[in-house]
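Novice: Provided below for reference: sequence and predicted model.
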Amino acid sequence: MPIVNRVAEMQEEIAAWRRDLHAHPEILFDVHRTAATVAEKLKAFGCDEVVTGIGRTGVVGVIRGRKGRSSKVIGLRADMDALPIAEQTGLPYQSTVPGRMHACGHDGHTAMLLGAAKYLAETRNFDGTAVLIFQPAEEGGGGGREMVKDGLMERFGIAEVYGMHNYPGLPVGSFATRPGPLMAAADRIAIEIEGRGAHAAKPHEGIDTLLVGAQIVNQIQSIVSRNVDPLGSAVVSITQFHAGTADNIIPQTASLRGTARSLSPEIRDLVEKRLREVVEGTARLYGASAKLTYFRDYPVTKNHPQQTAFAAAVAAEIAGEERVDTNAEPVMGAEDFSFMLEARPGAFIFVGNGDTAGLHHPAYDFNDAAIPFGTSYWIRLVETAMPV
């Protein structure tokens, strides 16, 4: 069962929606224009119900299929937010908002789900209910968590939930997924160091927080290399180091920021424990003190086996079995669709974006050639899960 013919005909229309969203990026929960555009289109398509303000600025569209015996309800989720990155594509539809761009393809995700909504509302060739979820604040705000906390699953009676993300480097027309952990848990690290300020010409009178911070950064590297099982997976990266106000002052304080990633609860616990021990112990060696604050953000994106097998089978009908990787390598990036997978069984799948710049890169752009594959996948998922 290849690409849906009607979707192929709609490709340029869906691409136009996508490019409009691309030109007007919004970040975190401040996706008011995007959400309004989505809601307006869902109403125009003839959705049975359109609800706004779920999880602050999320939008939900409900499409009921032909009346039959099925009371099954499945959810399909797309994310709407952009990133605080200055775009460097030079495209005719590039961002009109300085310092913001759709560098992760959420414009494409939203447009593809809108395309599926239009088709499903027109044809209703299924027996059950499709709930289309348009989520804000995937990029660090936890919009998925907020929608779940706002009663998304219970309010709409969702039994299963499915998500999708484009994947640069994976050929257009291909899909990839796996049962179990697919994407990592993401946690934030904040380290505050207290030493003793001094004149830079008299370092012996102070306790140098720059030196302490540098040693902490070095020692942290031993956690993954020497504490985590080599067959497990973890990443600890310090990405910010703030200290000092002048070239002749040894600063009294310093702060470090970073991220920790893991693919299992056990390794997540281990990384937090060892970080605390290394940070406090290293500071103590130099006569300083240090406090670690460890923020647990997104949990592991863990696919449910039955739903993953079903999603892969649907993708194979669209692309062919040879173009669906059912044992994809897990990635250490994170996704707040994980909160939805904790609330309901479901699966997350990657759709090929081709040979493009990577995600979160200023030269990235969603590949419109992927639209027919992603949109057809959503449609066939609904029709296959809830046949007439």
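Specialist: Perfect, I can see it now. Numbers count the residues shown, from 1 in each chain.

Novice: Can you point out the buried residues in stretch 236-252?
Specialist: 236, 238, 241, 243-244, 250-252 (16 or more other Cβ atoms under 10 Å). C-beta here means a position set from N, CA and C on the backbone, and glycine is covered the same way.

Novice: closest to residue 183 among those residues?
Specialist: Residue 183 has its nearest neighbour among the buried residues of stretch 236-252 in residue 236, at 17.0 Å by Cβ to Cβ.

Novice: Parallel or antiparallel, list what pairs with the helix or strand where the closest one lies.
Specialist: For residue 236, the host element (DSSP states H and E) is strand 234-243. Counting by DSSP bridges, the strands paired with strand 234-243 are strand 253-262 (antiparallel).

Novice: Poorly predicted segments of the stretch 101-250 of the chain, please.
Specialist: Within the stretch 101-250 of the chain, no stretch has pLDDT under 70.

Novice: All the helices of it, in order from the start?
Specialist: Assigned by DSSP state H, counting those that start in this stretch, the stretch 101-250 of the chain shows helices spanning 106-123, 143-149, 152-156, 209-222.

Novice: Which neighbouring elements make contact with the second one?
Specialist: Okay, so that is helix 143-149. strand 58-64, strand 129-135, helix 337-343 (3 or more Cβ pairs under 8 Å, 6 or more residues apart in numbering; DSSP states H and E).

Novice: and if you look at the last one?
Specialist: Using 3+ Cβ pairs under 8 Å, 6+ apart as the contact definition, the elements that helix 209-222 packs against are strand 185-194, strand 234-243, strand 253-262, helix 265-285.

Novice: out of these, which comes closest to residue 98?
Specialist: Residue 98 sits nearest to strand 234-243 of all these, at 22.7 Å, using Cβ to Cβ.

Novice: With only the CA atoms kept, save that closest one in CSV.
Specialist: C-alpha atoms of strand 234-243 as CSV (Å, rounded to 0.1, in the frame of the first residue of the first chain):
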residue,chain,number,x,y,z
ALA,A,234,25.4,7.7,29.0
VAL,A,235,26.5,11.2,28.1
VAL,A,236,27.6,13.9,30.5
SER,A,237,28.5,17.2,28.8
ILE,A,238,29.4,20.5,30.5
THR,A,239,28.4,23.2,28.1
GLN,A,240,28.7,26.5,30.1
PHE,A,241,31.4,27.8,32.4
HIS,A,242,30.8,31.3,33.9
ALA,A,243,33.3,33.0,36.2
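
Novice: Please list the outside residues in contact with it.
Specialist: 184, 189, 193, 209-210, 213, 217, 220-221, 223-224, 228, 251, 253-263, 267, 270-271, 275, 332 (Cβ atoms under 8 Å, 6 or more residues apart in numbering).

Novice: quick one on the thing from earlier: which of the helices and strands packed on helix 143-149 is buried the deepest?
Specialist: Of the helices and strands packed on helix 143-149, the one with the most neighbours on average (mean count of other Cβ atoms under 10 Å) is strand 129-135, at a mean of 27.

Novice: Can you report how many residues lie near the nearest residue to residue 354 once chain neighbours are set aside?
Specialist: Leaving aside its sequence neighbours, residue 354 sits nearest to residue 172 (Cβ to Cβ, 6 or more residues apart in numbering; 4.4 Å). By other Cβ atoms under 10 Å, the residues close to residue 172 number 20.

Novice: wait, isn't residue 172 in contact with residue 368?
Specialist: No. Distance between residue 172 and residue 368: 9.7 Å, which falls outside the contact criterion (Cβ atoms under 8 Å).

Novice: any idea of the pLDDT on residue 42?
Specialist: Residue 42 carries a pLDDT score of 98 in this model.

Novice: Would you confirm that it belongs to a helix?
Specialist: Yes. Looking at residue 42 with DSSP: H, G, I helix; E, B strand; the rest coil, it is inside a helix.

Novice: The residue lying closest to it once chain neighbours are set aside: what's it in contact with?
Specialist: Spatial nearest neighbour of residue 42, excluding adjacent residues (Cβ to Cβ, 6+ apart): residue 61 at 3.9 Å. Counting by Cβ under 8 Å, 6+ apart, residue 61 touches 38, 42, 45, 47, 49-51, 117, 131-132, 134.
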